[in-house]
Every structure is written in structure tokens, then in C-alpha cells.
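1. Sequence first, predicted coordinates after that:
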Amino acid sequence: MFGFVKPLLKYRIACMLIIIAVVAKLYQKDLLQLIQKTAGSYLDTTVRSEEHAESVAVEFNADPRGVLFTPAQLATYNGEKVGGDIYLALLGAVFDVSRGLKHYGPGCSYNYFAGRDASVSFVSGQFEHYDPETADDVLSLQPNNLIELDKWRQFYETEYKYVGRVIGRFYDETGKSTVYHQKYLALLEQAQLAKAQIDELRNRYPGCNIEWSEARGTRVWCTTTSGDGQLRDWTGYPRKLYNRDKKNFHCACVPEAELNDPIFKSYDNCAPLALECFYRV
Ligand code: HEM
């Protein structure tokens with residue numbers, strides 16, 4: 001009865017292929033979906049496991065000092081890459097300032113700082129003609145400028161994310177603080193100490209009242225509220241108290257018992273116990 005099957009057995013492989021082809025054609029759409037789904041989930045798994053591997057690598061390399069940049073690498077974070085991060089360096093420390101796009105983005109007021117260490121400009125206010133040789137050379141700055149720079153450092157540490165260090169004046173190729181950096185820190189400490197002393201002197205010896213007229217020049221005199229506006233129980237005598245630069249001075253009210261302290265200088269043509277003095281600059 002099934003005698004016609006016998007010759008077909010001879011071509012069974014060919015028959016099977018024909019059947020598979022017919023079935024494949026009938027279920028072509030479903031098969032395609034199945035393949036895509038399997039491939040998709042395979043890719044997802046691969047990407048996820050790669051992401052995981054990356055985050056594990058970062059954790060392993062986690063260094064509180066962050067990423068070490070060459071100046072050229074840092075320069076790529078200058079905001080010119082659309083949607084790219086913006087970094088700036090201050091005293092060799094790199095901060096992610098992408099959040100401040102309106103300040104640091106291309107064409108914005110402070111774009112000059114993006115992708116580089118231009119520490120000096122934070123106190124000079126010079127935002128043109130970038131010169132890599134001098135832009136972060138801070139050792140010749142005045143002590144008050146060093147203090148100002150330190151305030152900028154505190155600002156970036158508070159407002160933005162610290163990313164790492166740039167190889168150069170402040171950090172070497174291993175990320176270690178350089179001798180230059182140590183010198184800067186020592187000068188900063190000196191400047192801060194000197195400022196604290198001046199502040200202390202200003203507290204102890206309040207400023208004088210001061211007025212100017214064309215006829216008499218500058219007039220200085222003390223009252224019980226001169227200087228800080230706080231009432232005190234002594235008036236004091238006007239004396240010159242010089243700044244650290246020894247060139248500029250301000251008028252301080254000094255109690256009689258301390259008038260001989262050499263840090264105070266008398267005004268020219270003014271009697272030792274005069275209540276007011278006049279001078280012209
Ligand atoms: C040495 C000079 C100066 C430096 C180094 C400097 C630096 C900066 C920097 C870095 C920022 C961005 C701060 C941030 O990331 O939030 C900023 C913001 C700003 N600066 Fe200056 N600046 C200087 C002088 C001036 C002057 C003279 C003015 C005004 C005439 C001024 C007005 C502003 C204003 C309005 C903002 C935006 C504040 C805000 O939106 O939060 N700056 N400055």
C-alpha cells in the first residue's frame with residue numbers, strides 16, 4: 001500500500017530539506033522575531049556584564065587622588081565637544097565644572113578656564129592670551145593673592161566635583177605633590193599667619209575716623225566708636241600702622257599706655273598726644 005514511499009526514501013535528505021524550507025517560509029516572521037529576541041537578550045547580557053566589569057575596574061583603581069591628566073588630556077575637556085564634560089584645574093587640582101556650563105561653556109565669560117590650569121587668572125582677572133608657561137605660575141603672586149586663590153580652591157571643592165590632578169607644576173607623573181607645590185603651601189601658610197596677625201592688630205587697635213578736604217588734606221582722629229562702630233571705654237590716639245608691605249599704612253587708635261610700641265609710627269607734624277592729625281599724600 002505504501003509502495004510509493006520506497007522510492008522517496010532514496011531521496012529522504014532532499015525531502016527533509018524541502019519540508020524544512022516550506023515550514024521555514026510559512027513561519028518566517030515568527031522565526032525572525034525569535035532570532036531577534038534571543039540575540040537582543042544576548043547583547044543585553046553582554047553589555048550589562050561589560051558595564052559591570054568596567055565599574056569593578058574603577059572600584060579596583062579607586063584612588064582618592066582621582067584621575068591623573070596630562071595637560072593635553074585636560075585640554076580635551078574644554079567644552080567644545082557637544083555634550084562633553086567640562087573640567088578646569090586650579091593649583092593642579094581638576095574639577096568637573098560641567099554643571100556650570102553657563103559660565104564655562106564655549107563663548108561664556110569664564111570659558112578661558114575650561115580644559116586648563118589658569119590659576120593666575122583667578123587673581124589677575126586676565127582672561128585672554130593664555131600662556132601655558134605662566135598661567136599656573138603662582139609663586140610670584142602677592143601674599144593676599146595666594147589667600148584669594150585658596151578661597152577659590154575652597155569654592156571649587158564645595159561647589160563642584162573633584163576629578164583628579166594634572167601633571168605639571170603641582171603634581172608629578174605619579175600624582176605626587178611637587179616641591180613647587182610644597183613651596184606654594186608654605187607661602188600660603190605664611191600669608192595666612194601674617195593676615196591673622198594683621199586682623200588681630202586691627203581688632204585690638206580699631207581704625208580712626210577719616211575725612212578729606214582740599215583745604216586741609218586728610219584728617220584722622222579717634223572716638224569711642226571709631227573703627228568697628230562698637231562702643232569702647234577708651235578713645236586712643238591716631239597712629240600709623242603699616243601693612244606687611246611696609247609701604248601702605250592705615251590709621252589705628254592706640255591707647256596711651258601702648259604709644260611707645262615700635263609697630264606704631266607718629267604722623268609728621270602732629271604732637272604725640274594730639275587728638276587729630278592732618279597729612280597729605
Ligand atoms: C579676577 C576677576 C574675576 C574672576 C577670576 C571671576 C571668576 C568667576 C568665576 C570662575 C565665576 C563662575 C563661578 C561658578 O562656577 O559658579 C564667576 C561668576 C560670576 N562673576 Fe566673576 N570673576 C571676576 C570678576 C568679576 C567681575 C568684575 C564681575 C562683575 C562686574 C563678575 C561677575 C560675575 C557674575 C555676575 C557671576 C555669576 C554668578 C552666578 O551666576 O552665580 N566677576 N566669576
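-> Yes, it's here.

2. Single out the residue in the protein that lies closest to the ligand.
-> Going by C-beta to the nearest ligand atom, the ligand is nearest to G125 of the chain, at 3.2 Å. (Glycine included, C-beta is placed from N, CA and C.)

3. Next, count neighbours for that residue.
-> For G125, the neighbour count with other C-beta atoms under 10 Å is 6.

4. measure it to E148 for me?
-> 11 Å (C-beta to C-beta, to the nearest Å).

5. what residues does this structure put near the ligand?
-> Taking C-beta under 6 Å from any ligand atom as the contact definition, the chain meets the ligand at G100, H103, Y110, F122, G125.

6. What is the nearest of those residues to R216?
-> Closest to R216 out of these is G125 (36.3 Å), distances taken as C-beta to C-beta.

7. Can you read off the backbone torsions of the closest one?
-> phi 70, psi 10 (degrees, to the nearest 10).

8. so what pLDDT did it get?
-> In this prediction, G125 carries a pLDDT score of 96.

9. again with Y171
-> On the pLDDT scale, Y171 is placed at 98.

10. where's the closest residue to it other than its chain neighbours, which helix or strand?
-> Once flanking residues are discounted, Y171 sits nearest to R165: 4.3 Å by C-beta to C-beta, 6 or more residues apart in numbering. Using DSSP states H and E, R165 sits within strand 161-166.

11. Tell me the backbone dihedrals of E211, please.
-> Dihedral angles of E211 (phi, psi; degrees, to the nearest 10) stand at phi -150, psi 160.

12. how close does the residue of the chain closest to the ligand sit to S109?
-> Relative to S109, and taking C-beta to C-beta, G125 is found at 11 Å.

13. Can you report how many residues lie near the closest residue to K102 other than its chain neighbours?
-> Leaving aside its sequence neighbours, K102 sits nearest to C108 (C-beta to C-beta, 6+ apart; 6.1 Å). By other C-beta under 10 Å, 15 other residues sit near C108.
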